[in-house]
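Trainee: predicted model, plus sequence, below.
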Amino acid sequence: MNFFKQFYTQAEIDEEIRKALDLHNSLDPLHGLIFGSDEDVIASVRAAMPLAPPAYVAPRALTPAEETRIDQKIDSQMIVARVWGDRASSDATGIPALDAAWKAKEDDEFKKLIAPSILAKKVAENTIAGMIEKAIEGAVREAFTKGSVPMRESERVPLALGKRASGERIEFDARLNETTLYVGGAYRGFWKGAPSERPHSFA
């Protein structure tokens with residue numbers, strides 16, 4: 001190995017690897033405990049011998065025929081730009097029927113492309129919405145079963161008490177443990193508990 005070289009060719013590296021492996025395998029097996037396996041030997045040789053980068057090759061000059069072909073292509077593009085103007089880079093033909101048909105075709109292909117993802121999204125949304133709806137229905141049903149949700153006014157079975165001289169009328173719902181107060185036939189409010197537990201705000 002020439003240690004004064006900066007880079008090495010692939011053939012030089014392969015030759016040095018072959019020599020190193022021959023020497024490594026000819027020694028006592030205990031040698032491997034010190035210097036490692038064959039892979040370690042190969043890695044050490046590659047690390048000590050950097051592969052030379054590919055040589056730079058300057059591009060050749062264009063032939064007259066190639067220059068003519070390029071010039072013709074540029075000229076044709078300039079002519080198209082002069083004739084069509086801003087539409088030179090557009091897919092529109094200027095014919096409404098053809099442009100509409102082409103756009104419809106592109107839209108249809110685009111819908112087919114994204115249809116699976118849209119369907120998956122809708123399925124996920126429907127699944128989540130269904131789970132939420134079922135959870136709400138279950139919670140409401142359980143609440144009604146336990147009697148923790150107040151009944152509507154029309155569903156109550158109140159216990160009417162006598163009217164007072166002041167025009168008050170008190171109704172007590174034992175099922176909900178609620179007392180409702182009416183004054184002069186108008187609803188005044190209600191409180192939790194028996195009539196005897198009337199709050200001071202209803203005094």
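Mentor: All right, it came through fine.
Trainee: how about L51, phi and psi?
Mentor: phi -70, psi 140 (degrees, to the nearest 10).
Trainee: how close does it get to D40?
Mentor: 19 Å (CB to CB, to the nearest Å). Quick note: C-beta positions are derived from backbone N, CA and C, even for glycine.
Trainee: now do T180
Mentor: On the measure of CB to CB, T180 and D40 end up 92 Å apart.
Trainee: which one's more surrounded, the two?
Mentor: Between T180 and D40, counted using other CB atoms under 10 Å, T180 has the larger neighbour count: 20 against 12.
Trainee: and the strand or helix carrying that one, what's buried?
Mentor: If you go by DSSP states H and E, T180 is part of strand 178-183. Applying a neighbour-count criterion of 16 or more other CB atoms under 10 Å, the buried positions in strand 178-183 are 178-182.
Trainee: same check on stretch 14-31?
Mentor: 16-17, 20, 24.
Trainee: these in helices, which ones?
Mentor: Judged by DSSP state H, the subset of these located in helices is 16-17, 20, 24.
Trainee: closest to K121 out of the buried residues of stretch 14-31?
Mentor: Nearest to K121 among the buried residues of stretch 14-31, counting by CB to CB, is I17 at 56.4 Å.
Trainee: after the helix-or-strand element of the chain with minimal mean pLDDT, which helix or strand is next?
Mentor: Lowest mean confidence among the helices and strands of the chain (mean pLDDT, DSSP states H and E): strand 159-160, at a mean of 50. Downstream of strand 159-160, the first helix or strand assigned by DSSP H and E is strand 168-173.
Trainee: that older thread, show me what the strand holding T180 is in contact with.
Mentor: 150, 158, 166-173, 187-195, 197-198, 202 (CB atoms under 8 Å, 6 or more residues apart in numbering).
Trainee: would you turn the buried residues of strand 178-183 into TSV with pLDDT and distance to E137?
Mentor: Output for the buried residues of strand 178-183, formatted as TSV (pLDDT from 0 to 100; distance: CB to CB, whole Å):
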residue	pLDDT	distance to E137
E178	88	26
T179	89	31
T180	89	29
L181	86	34
Y182	87	35
